[in-house]
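# Fold the stuff below for me.
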Amino acid sequence: MDKKYKLTRLTSEALENVQPLKGKFTIDYENLLNPAQLEAVKAVDGAYLIIAGAGTGKTRTLIYRLARLIESGYDPRSILLLTFTRKSAKEMLNRAALLLDNRCDNVNGGTFHSFANTILRKHAKAMGFLTSFTILDQGDSEDVINLIRAQTDPVKKKRRFPTKSTLQKIYSLSVNTGKNINDILGKDYPHFIEEIDEIKNIFAKFKTYKKENSLVDYDDLLIHSRDFLLSNTPDSLSVLNSIRFVMVDEYQDTNHLQSQIVKALCQLKQNIMVVGDDAQSIYSFRGANFENIMKFPDIYPDVKIIKLEENYRSTPQILNVANRIYEGAIQKYDKVLYTSNAGGELPAILAAATVQLQSAFIVDKVLDLHEGGTPLSEIAVLFRSSFFSFDLEIALTKANIPFQKFGGMKFVETAHIKDILAILRISLNPRDVVCWFRVLMLHEGIGPKTAEKILTAITEGKISLQNKPDSFNSKLVSDKVFPLFQLLYTLRTRELSIRDRVVLTVEYYYPIFKIKYDDFNKRKKDLDIFLNIAANYRSLESLISDMAIEPPMDSVTDLGEEDKQDDYLTLSTIHSAKGLEWHSVFIIHTVDGFFPSNRSAESLESLDEERRLLYVAATRAKQNLYVTYPMNIFDRETGTTLSKPSRFLSGVTPDIADGWLLD
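Numbering: from 1, shown residues only. Presented below is the predicted three-dimensional model:
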């Protein structure tokens with residue numbers, strides 16, 4: 001009798017050649033997905049680059065592909081899904097399980113760091129580690145660096161030297177991007193370039209300290225896992241053989257080191273699918289490398305590129321503006337977002353005479369939308385940098401419109417603005433002990449004891465701001481704080497406009513500011529914004545009062561259960577808004593020189609990323625999009641100047657967006 005089966009000796013090679021059974025799928029993929037999504041979902045072996053435009057169902061595509069691979073008979077444990085947050089990995093696997101069944105729970109899903117930690121824990125001995133190694137978080141790393149930093153010559157000699165947090169940022173950026181320390185200092189911290197040798201010495205000692213004490217930081221997890229995967233040892237080959245399919249979400253956000261890990265994972269099997277959008281690559285400041293997604297087809301053989309262009313979020317009118325913004329990008333994958341969604345109104349581009357008129361318009365429009373039935377939670381105001389919203393925050397508070405702010409700090413929370421406000425408050429109320437203490441401690445050589453002596457003298461009337469500082473006892477008012485008392489005497493006794501008072505205060509504070517903050521280059525625009533705001537007040541008292549009014553909520557994490565039901569407007573940097581969507585979106589302060597910034601205009605790469613940032617902002621809107629810019633901007637160095645709209649709006653013609661003037 002003929003046998004209906006064939007016996008083959010079980011070997012690893014035989015297992016490798018086993019193909020899944022081609023049966024009937026329980027999920028109707030053909031009718032649940034559009035053609036491009038379906039093509040990506042049906043992909044099996046080979047290298048695939050899925051260019052997923054904003055709102056095109058990227059997550060849906062990944063989930064359905066997971067389900068289809070499992071339905072095809074592939075072992076879920078042979079699938080590795082790498083994401084950027086635990087939340088997104090968990091959400092995808094949960095949704096896949098709901099779509100199919102609990103076999104999806106066995107998929108290896110997680111962040112690059114969690115995957116690396118699993119590898120290191122399991123193969124620590126083979127890699128020369130103790131299995132009990134300890135992981136340092138960012139704060140721990142900073143503390144170790146600080147121990148080493150305290151022993152350096154510049155610190156001992158009281159020379160300006162990077163803080164522990166700045167050193168940790170420089171070190172981490174170098175590790176993750178592959179850039180050398182010299183380049184990073186030259187670009188972001190040029191004032192520390194003379195300390196390059198000491199900085200490198202600290203980093204060398206940091207590495208030694210970690211190795212001697214069996215410590216691993218977040219960056220080490222990636223470095224050691226990459227090296228392990230490339231080691232060609234029995235342990236590493238075992239790991240590589242266990243992974244048949246690699247899937248990476250948000251590939252445009254990967255850094256140099258992460259792309260090396262992905263490549264190492266695909267040494268034996270070239271079954272790699274990365275999903276991302278070149279147009280949403282906006283995190284270079286965190287080390288993300290735009291070239292990873294652009295050069296992907298050059299790295300892997302026979303890459304199949306699939307573009308998801310059907311948008312399910314926005315109106316056709318909003319997509320027309322977004323497409324036009326991105327047309328001008330120099331490096332990009334050509335794609336055009338389209339939708340079958342019903343039409344809406346043309347987006348609006350509004351030129352406001354001043355920053356204050358920009359804020360007034362937004363307040364009025366938010367109230368109109370809310371009255372028309374749009375919840376505040378479905379409205380967002382987006383901006384390039386945190387300080388762009390400072391004037392608006394004051395206007396919203398006055399109008400009693402509750403808001404949450406994400407990305408950056410609220411105006412009254414920024415340390416350098418608090419410093420300036422403290423000086424101005426003292427000029428109004430010399431008995432403000434809290435402000436006195438803050439301001440005195442800003443000065444080098446003034447410690448708590450000296451500050452207390454000065455405060456006691458003020459309280460007892462031995463020092464009065466109504467008297468010229470020349471008359472003060474030199475033992476009480478040293479040369480270190482004499483200029484401060486000169487400033488306060490001027491502010492108290494001379495008839496000055498509010499703007500002049502603030503200008504004098506900022507001019508006095510600026511040298512202190514440069515010493516106190518390693519990243520003063522990034523913070524200094526905040527001072528100009530404060531001058532802009534102050535220029536519109538007639539009394540210092542009203543300015544101080546408005547600045548002191550706290551928004552109704554400090555932090556999302558402070559919300560109780562009842563508060564979570566409340567309705568809040570969202571204020572957000574564009575970086576923090578990526579991946580989110582709202583019914584109506586305002587993009588503010590789209591002024592050339594600010595968005596894009598003057599600094600970004602120095603290179604085509606930076607300019608392209610700024611363009612992508614505006615594209616991301618525009619594609620957050622579902623129904624209404626308003627883009628605003630003030631025409632008159634105050635700059636501390638040049639005074640009030642006439643501004644131009646962002647160059648990225650030059651291609652947005654009247655047929656795709658309405659233009660309005662607010663004066």
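
# what about Ile27, distance to Ala352?
51 Å (CB to CB, to the nearest Å). C-betas here are computed from N, CA, C, even on glycine.

# Neighbour count for these two, which is higher?
A count of neighbours by other CB atoms under 10 Å puts Ala352 above the other of Ile27 and Ala352, at 23 against 15.

# was I right about the more buried one contacting Phe361?
Yes. With contact defined as CB atoms under 8 Å, Ala352 counts as touching Phe361 (6.3 Å).

# Find residues that contact each of the two.
628, 662 (CB atoms under 8 Å, 6 or more residues apart in numbering).

# Show me where the stretch 401-550 of the chain dips below the pLDDT cut-off.
408-413, 432, 471-478, 545-550 (pLDDT under 70).

# can you rerun that using 50?
Low-confidence segments of the stretch 401-550 of the chain, defined by pLDDT under 50: 549-550.

# What of the chain?
By pLDDT under 50, the low-scoring segments of the chain are 1, 549-565.

# Please report the residue range of the longest helix in it.
Using DSSP state H to define each element, the chain has its longest helix at helix 498-516.

# What lies in contact with that one?
160, 416, 419-420, 423-424, 427, 442-444, 483-484, 487, 490-491, 496, 520, 523-524, 527, 530-531, 534-535, 537-540, 543, 636.

# Could I get the full set of strands for the stretch 551-663 of the chain?
Here the stretch 551-663 of the chain has its strands, by DSSP state E, counting those that start in this stretch, at 569-573, 582-587, 621-630, 632-635, 639-642, 658-662.

# helices or strands up against the first one?
It refers to strand 569-573. Using 3 or more CB pairs under 8 Å, 6 or more residues apart in numbering; DSSP states H and E, the elements in contact with strand 569-573 are strand 379-383, helix 390-398, strand 403-406.

# Thought Thr590 was touching Phe388, still the case?
No. Using CB under 8 Å, Phe388 is not in contact with Thr590, being 9.5 Å away.

# could you say what helices and strands the host helix or strand of Lys205 packs with?
Using DSSP states H and E, Lys205 falls within helix 196-212. Counting contacts by 3+ CB pairs under 8 Å, 6+ apart, helix 196-212 is packed against helix 138-149, helix 164-177, helix 181-188, strand 215-217.

# any chance of those in a markdown table, with mean neighbour count too?
Formatted as a markdown table, those follow (neighbours: other CB atoms under 10 Å):
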| stretch | mean neighbour count |
| --- | --- |
| helix 138-149 | 17 |
| helix 164-177 | 20 |
| helix 181-188 | 15 |
| strand 215-217 | 20 |
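
# would CSV of the ones you listed with distance to Asp500 be doable?
Output for those, formatted as CSV (distance: least, CB to CB, whole Å):
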stretch, distance to Asp500
helix 138-149, 41
helix 164-177, 34
helix 181-188, 34
strand 215-217, 49
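
# between those, which one is nearest to Leu357?
Comparison of the helices and strands packed on helix 196-212 against Leu357 by CB to CB identifies helix 181-188 as nearest, at 34.9 Å.

# Not counting its own residues, what contacts the closest one?
Under the criterion CB under 8 Å, 6+ apart, residues 170, 173-174, 192-193, 196, 199-200, 203, 519, 521 lie in contact with helix 181-188.

# again with stretch 193-202
145, 148-149, 152-154, 159, 161-162, 167, 170, 181-182, 185-186, 192.
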